[in-house]
Every structure is written in structure tokens, then in C-alpha cells.
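Chemist: What follows is a predicted structure for the sequence shown.
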Amino acid sequence: MKIMESVELRGCSIDELIEICQEIGLKRFRATQLFQWAQQKAVRTWDQMKTVGEGDRQTLSSHLHLYPLERIREQRSQDGTRKYLFRLNDGETIECVLMDYARTISRDRHTVCVSTQVGCAVGCAFCATGLEGFRRNLSVAEIVGQVLDITHYVRQEDPDFQVTNIVFMGMGEPLLNYDQVLKGIQLLNHGQGQAIGMRRMTISTCGVVPKIIQLAKDNPQVGLAVSLHAAQDEVRNDLIPMNRRYPLAQLMEACQEYSQITHRRITFEVALTSKNARRGEAEALARLLKGQLGHVNLIPVNPVEGTGMERPDIEQIKRFAQVLENAGIPVSSREERGGDIDAACGQLRRKWEGEL
Ligand code: SF4
């Protein structure tokens, strides 16, 4: 690897660090130490790497960047959800959410919802991030850094804290930043790092058809969630503009191919708003998913200012689920988390930017 200005420690594999150490005249074992300090212990400064001598630390810091994410906001929900607003090295901001942290809910499961882009080009009608447009892709180091820095902050209160699950469901469309997301997954899975099991990570997409097929072929053993939200093109076109490029017939074909290659169940996410939580939509969804390996996850949306979306009432949600169950389609309803802390994707960042 030719060392360049932009190499970030948190984005490097052990093999890449070995190459860098060799190029700058350091011993090979330093690479594993560096990887462990960065990825397992989640340190934020070179000084914290106690097993690396000062001379070597200086040499390394002149060839590798270490940019921890700066926490500029943290909101805590009564249900234990924590939402972070992080500033990146170039001043851009991203959101990241830690769920399932309440001790009363689960002491063993700590899920982080990771962002993959600054802003998003997809522009889904119900999403605060989409309203802001696309700014840039996140680097591997910035993707992994969200998990590392949340770990760092929570360990200040709970030294044993460990992230156990990851969902790539934050700001951005993960499959439009495919290579960085896949490398981030490998780093987070590495046994000398956070060692988060592949099956404990899920990529969520709004339906980037060619990348779903590529993911099936690369088959990293992670989960796939498809944000379906509607079963008819004319409805989905309005909710997810990408549907005009990859309409439902193409998307479902890709999902079939994915399941055939990977033998894995897809989660079909359906955000329920007062507009789409109707019987006709539920019946169309049941027809669309007939014979597909997967299950439906219903998500009542948090209302987002400026989108005009309303949350459906509980009876509407139950009726919708019943139609799917009657058609033999497994269905669950995702509990709303962090409703009191601007938990919908992009809400906290929008509010913060509005205050500047
Ligand atoms: S829901 Fe996801 S894909 Fe759609 S605009 Fe928001 S961030 Fe982008």
C-alpha cells in the first residue's frame, strides 16, 4: 500500500497496517497492536496506545490519521435509546443511534444504527435526511468510527459495555456506498476488533437492484432488510423516488435471486403512515410477497415536520398485520424507539442545523 495523505487508521485492516508498518520501517507486530487499540479498545488518541513506544507513535501519527468523531449532541430517551450527533473531520455532521440500552429491556443486546452517507440522494418522502439532499459518502473509518465512539462514550459510564448488533439504517443508502460499507462490516466483524458476528449485522436498502445482486454474490452473511413501504408502483413512486428507476417487479426479482443464492430470509420493512396503512395496500403486499423467503416488519412512522406524514393508530396497524397473517406471511411490528428524542433519521441533525 502506497501511503497517502488520506489513510485513516480506523479504516485499515491488519494486512494494510502490516504493509504500512513495513514501509515506514516499523516491526510487523505493531500492526496487530495498532488494530487492537483502534478497533477493540476504541481509543481516540495516539497517547492512549500504551504498548506502542513514543517514538513509534510519533512516526505512525505522521503517516496515519486518527480522527475520532466529535460528539456535539447526545439525547437520551426514556426508553433507553441514545441518539448522537457527531461532527466529522471536515465539519459535516451525522446521526447515530444506540438502541436497546435500557437495562430493563435487555442487558445483553446493544444495537447501533449506523449512518453510511452524509445526507442522502434517494429522497424518501417520509425521511428528514432525504429532505437535505446528498453531501458525500462516509469513509470506512467514519462508518466504523460511529460504533467505536459510541463504545468509547458509553464505557465512561459502563466499562463493560459492548456493541452486539449493527443495523446500517441511519442516514444514507448503504448500497450506494457499497465498498466502504462492506469493508466496515469486515473490520467490525474481525476477532481482534469488536468481533460483532456477521449475522448480527443488517444492511437496509430502499432497493438498489444491481447492488442487491452483488451483495448476494459477495454473500457476507449479514442480514438484508428491504424498505418496501408500498406494494404498488404508483404508491411507492411517491414514497421512494428510486422506485421509478428500479420498479417493484425488478426489485422482487432481485430479492428472489438473493434468497436463492444465499438461502437467507429478507426482512421487508413497511413504514406505516396514515396514508398507506389501508386494507388494499395490505392485500397488495400479500400478493407481492407470495412465495418470497422473508418476513414483514411493520414500522409506524415517527411524524417528521415538513413531510406531512401522520402516524396511523394502533387499530389500523393491527388490521394491516392481520391481512398479512391471513395470507400466511410472517409479520412483526417494530416497537417505536426514542419517540421523545427526534429519533427519525435526520431529525436531530436538521434541528441542530436550524439552530445555527
Ligand atoms: S429513508 Fe434512507 S434511503 Fe430514504 S431518503 Fe432517508 S436515508 Fe435516504
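Modeler: Nice, I can see it.
Chemist: going forward, measure contacts between C-alpha atoms and count neighbours the same way
Modeler: Will do.
Chemist: looking at it, Arg109 is touching Asn165, isn't it?
Modeler: Yes. Counting by Cα atoms under 8 Å, Asn165 is a contact partner of Arg109 at 7.0 Å.
Chemist: Give me the more crowded residue out of these two.
Modeler: Shown here are Arg109 and Asn165; by other Cα atoms under 10 Å, Asn165 has more neighbours (21 against 16).
Chemist: Next up, the contacts around Arg155.
Modeler: Phe161 (Cα atoms under 8 Å, 6 or more residues apart in numbering).
Chemist: Spell out which parts of the stretch 1-150 of the chain neighbour the ligand.
Modeler: Within the stretch 1-150 of the chain, the residues that sit near the ligand (Cα under 6 Å from any ligand atom) are 120, 122-124, 127, 129-130.
Chemist: switch the cut-off to 5 Å
Modeler: 120, 122-124, 127, 130 (Cα under 5 Å from any ligand atom).
Chemist: Could you export the residues you listed to TSV, including columns for neighbour count, secondary structure and distance to Leu288?
Modeler: Listed next are these as TSV, based on neighbours: other Cα atoms under 10 Å; DSSP: H, G, I helix; E, B strand; the rest coil; distance: Cα to Cα, whole Å:
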residue	neighbour count	secondary structure	distance to Leu288
Cys120	25	coil	27
Val122	20	coil	23
Gly123	21	coil	24
Cys124	20	coil	21
Cys127	26	coil	24
Gly130	20	helix	26
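Chemist: how about the strands of the stretch 1-150 of the chain, start to end?
Modeler: 70-76, 82-87, 93-99, 111-113, 117-119, 134-137 (DSSP state E, counting those that start in this stretch).
Chemist: Dump these into a markdown table; add mean pLDDT and mean neighbour count as well.
Modeler: Shown next, in a markdown table, are those (pLDDT from 0 to 100; neighbours: other Cα atoms under 10 Å):
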| stretch | mean pLDDT | mean neighbour count |
| --- | --- | --- |
| strand 70-76 | 95 | 15 |
| strand 82-87 | 96 | 22 |
| strand 93-99 | 94 | 25 |
| strand 111-113 | 95 | 24 |
| strand 117-119 | 95 | 25 |
| strand 134-137 | 96 | 16 |
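Chemist: Dump those strands to a markdown table, plus distance to Arg319.
Modeler: Shown next, in a markdown table, are the strands of the stretch 1-150 of the chain (distance: least, Cα to Cα, whole Å):
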| stretch | distance to Arg319 |
| --- | --- |
| strand 70-76 | 32 |
| strand 82-87 | 31 |
| strand 93-99 | 27 |
| strand 111-113 | 29 |
| strand 117-119 | 34 |
| strand 134-137 | 36 |
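Chemist: which one of those lies closest to Ser13?
Modeler: strand 134-137 (19.6 Å; Cα to Cα).
Chemist: CA atoms only: put stretch 239-253 into PDB for me.
Modeler: C-alpha atoms of stretch 239-253 as PDB (Å, rounded to 0.1, in the frame of the first residue of the first chain):
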ATOM      1  CA  LEU A 239     -42.700   7.400  -1.200                       C
ATOM      2  CA  ILE A 240     -39.400   6.200  -2.600                       C
ATOM      3  CA  PRO A 241     -38.400   8.000  -5.900                       C
ATOM      4  CA  MET A 242     -35.800   5.300  -6.600                       C
ATOM      5  CA  ASN A 243     -38.800   3.000  -7.400                       C
ATOM      6  CA  ARG A 244     -39.000   4.800 -10.800                       C
ATOM      7  CA  ARG A 245     -35.600   3.500 -11.600                       C
ATOM      8  CA  TYR A 246     -36.000   0.100 -10.100                       C
ATOM      9  CA  PRO A 247     -39.700  -0.700 -10.000                       C
ATOM     10  CA  LEU A 248     -41.300  -3.400  -7.800                       C
ATOM     11  CA  ALA A 249     -41.100  -6.200 -10.500                       C
ATOM     12  CA  GLN A 250     -37.300  -5.700 -10.800                       C
ATOM     13  CA  LEU A 251     -36.900  -5.400  -7.100                       C
ATOM     14  CA  MET A 252     -38.800  -8.600  -6.300                       C
ATOM     15  CA  GLU A 253     -36.800 -10.400  -9.000                       C
END
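Chemist: Give the buried residues for it.
Modeler: 239-243, 246-248, 250-252 (16 or more other Cα atoms under 10 Å).
Chemist: Return the distance of the closest residue to Pro68 other than its chain neighbours relative to the ligand.
Modeler: The spatial neighbour of Pro68 that comes closest, neighbours along the chain excluded (Cα to Cα, 6 or more residues apart in numbering), is Arg44 at 5.5 Å. Distance of Arg44 to the ligand, given as Cα to the nearest ligand atom, to the nearest Å: 28 Å.
Chemist: Cross-check the contact I'm expecting between Arg44 and His65.
Modeler: No. Between Arg44 and His65 there is no contact under Cα under 8 Å: 11.0 Å.
Chemist: Tell me how many other residues surround Ala42.
Modeler: Neighbours of Ala42 (other Cα under 10 Å): 24.
Chemist: if I pick it, what's in contact with it?
Modeler: Counting by Cα under 8 Å, 6+ apart, Ala42 touches 148-149, 151-152.
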